[in-house]
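Q: dropping a prediction and its sequence here:
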Amino acid sequence: MPVQVTKLAGQPLGAKITLPEGCTDPSKLSKEDFDTLYRALHEHLVVVIPGMEDLSPESQWRLTTMFDPTCDQSGKSYGHGKEFRHDKSVLRKDGTSIPDQPQVQVLGQGHWPAGHHGMGEIDLRHPTHFDFHKSVLTDEQAFEQDMTRFYRWHIDSALYGLSPPVATTLLGIHVPPHSKKQKVVYEDDNSVLELTQGATAFVSGANAFELMSPEDQERALKTTVEYAPHPYIFISPARATSDGLTMVSEGKEMPLDELPPWEESKIKRLPLVWTNPITKKHHLQVHGCCINKLLLPDGTTLELEDARKEVHRLMRPAIAPENVYTHDWNKGDLAIFFNRGVWHSVTGQFSPGEKRLMHQCNIASGQDPKTMTGQAA
C-alpha cells in the first residue's frame, strides 16, 4: 500500500499521512511515496504522521533535508546560528540541541533527568505570552479561567544571512493530556478559540492572501519586506501585540549600533508574497515581529512603526478562529509543515509540575523564496 493522504475533516488546512505497512521511518520512503508526501505538504500545508515516537533524531534531520535539495545536506549548517543562543535573543530560552544531532532542537516544559539522547539533566521552559507581550493576562485569567494567547505568529527563519527553511518537522514525545482545554480570547472582537493545552496553531498564508482586497493583493505582490539585522536581538527589549502578530512600537528596540556586528549584505529583503511551487498559489508570508521596513512598489518605504501597522492590517483577518488549525498533540505525532506557506504560533501555558518534550528540526534553505514572477528579493 502506498502512502495515504487523508484531509483533516472540518479543518481549514492539514492532512493525516498513513505510511506503507511496515514503514516506521519516513526518511526511508521510496521515491514515489516521498513524492506523494512532498505534494501533500505543499497542498495541505501541514501533514501529521502518527506513531513516530521512536523516530531517531538522525532520521528526523534526514527527512527534513529531503524537502529542500538546496539546503546543506552535510549537517554542518542548520540555520539556528549563534544568535539562537545569544544571551539577548528572544529565542534563547526556547530549547537546547541534541549533542550528536545538533540540527534537532529539544523543546518543552519541565525538568528532565539525564539520559535523553546523551544529554545531561535539562530544564525546559514553554514560551508564553507573559514573557513577550506588552499587556498580559492576569493569573486568574490564565490559570483559573484557562484563558491564553497566541505567543508569536511566525515563520521559522533566522531572517539574517540565511534563507528561510522550506519545511519544519516537529515530533511530540511527551505531551499533555487532551482533557485540559484553554481558550484564546481575541481582545479586538471578543472571538474565542478553544484548544487543547499546548496546541500548535497554524494558518494558511494562501488564505491570508485570498482574504485581502484586490488592491492590496496587487500591491503586496510587488512589495518587499526588509528585516532588521539580528532581528531576534533587535526586538528583544520590545514587547508584542496581544494577538502575537507584531511588536508594539515604543522605541524600545535595540539600537542598530548596539547589536552584535552585522553586515548590510546579510540583511534579509524578501518578497511579501511567496509562490507555492506545487499549487502556484500566492501566500502572504511575513514575520510581523521581525519586520523593519516595507518597500512598496511605488518607491515608498514604510519605516518600522508604519510597516508594523500595515502588516498587522493584512495579517489580522487570517487568524480569525475559523481560519486557524490547532494541532492537539498525541504522543508520537510527527507534524511537518510547509514553512514557506504557513505561519504558526505556540499557545498555552503550563502549571508547575506539568511537562512536555518535543523534537524540532528545520534547515536553512540554499535560496530565498520567490514571487509569482520568479523574482527573488
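A: Structure received. Numbering: from 1, shown residues only.
Q: I'd like to know how far P321 sits from T246.
A: Going from P321 to T246 by C-beta to C-beta, to the nearest Å gives 20 Å. The way it works is simple: take the backbone N, C-alpha and C, and place the C-beta from them, glycine included.
Q: between the two, who's got more neighbours?
A: T246 (26 against 14; other C-beta atoms under 10 Å).
Q: skipping adjacent residues, who's closest to the more buried one in space?
A: Distances taken as C-beta to C-beta, 6 or more residues apart in numbering place G288 nearest to T246, at 3.7 Å, with adjacent residues excluded.
Q: pLDDT score for that neighbour?
A: In this prediction, G288 carries a pLDDT score of 98.
Q: same question, K134
A: With respect to pLDDT, K134 scores 96.
Q: again with Y78
A: At Y78, the model reports a pLDDT of 58.
Q: same thing with the one 5 residues further on?
A: Note for E83: predicted pLDDT of 52.
Q: swap in the one 5 residues further on?
A: On the pLDDT scale, K88 is placed at 61.
Q: quick one: least confident helix or strand in this structure?
A: strand 96-98 (a mean of 89; mean pLDDT, DSSP states H and E).
Q: what strands flank it, and is each parallel or antiparallel?
A: With DSSP bridges as the test, strand 96-98 is paired with strand 101-112 (antiparallel).
Q: after the strand it pairs with, next one along is what?
A: Following strand 101-112 in sequence order, the next helix or strand is strand 122-124 (DSSP states H and E).
Q: before we move on, back to that, count of neighbours near the residue nearest to T246?
A: Neighbour tally, G288, other C-beta under 10 Å: 26.
Q: Three-state assignment for it, please.
A: Three-state call for G288 (DSSP: H, G, I helix; E, B strand; the rest coil): coil.
Q: repeat that for the one 10 residues further on.
A: Taken by three-state DSSP, the conformation at D298 corresponds to coil.
Q: pLDDT below threshold where in this protein?
A: In the predicted model, the chain carries pLDDT under 70 at residues 75-94, 372-377.
Q: so how far is stretch 319-337 from its chain's centroid?
A: The chain centroid and the centroid of stretch 319-337 are separated by 12 Å, computed with C-alpha atoms, centre = their mean, to the nearest Å.
Q: list the buried ones in it?
A: Across stretch 319-337, burial judged by 16 or more other C-beta atoms under 10 Å covers 319, 323-329, 332-337.
Q: please enumerate the helices of this structure.
A: Per DSSP state H, the chain carries helices over the ranges 31-44, 57-66, 139, 205-210, 214-220, 231-234, 304-315.
Q: which one of those helices lies nearest to S345?
A: For S345, the closest of these is helix 304-315, at 11.6 Å, according to C-beta to C-beta.
Q: would you indicate which residues of stretch 175-192 are buried?
A: Neighbour-count burial for stretch 175-192, counted by 16+ other C-beta under 10 Å, picks out 175-176, 182, 184, 186.
Q: strands of the stretch 251-377 of the chain, start to end?
A: Along the stretch 251-377 of the chain, the stretches classed as strands by DSSP state E, counting those that start in this stretch are 269-271, 273-275, 282-284, 291-295, 301-302, 325-327, 334-338, 342-346, 356-362.
Q: which helices and strands sit right next to the fifth one?
A: Same thing as strand 301-302. Counting by 3 or more C-beta pairs under 8 Å, 6 or more residues apart in numbering; DSSP states H and E, the packing neighbours recorded for strand 301-302 are strand 291-295.
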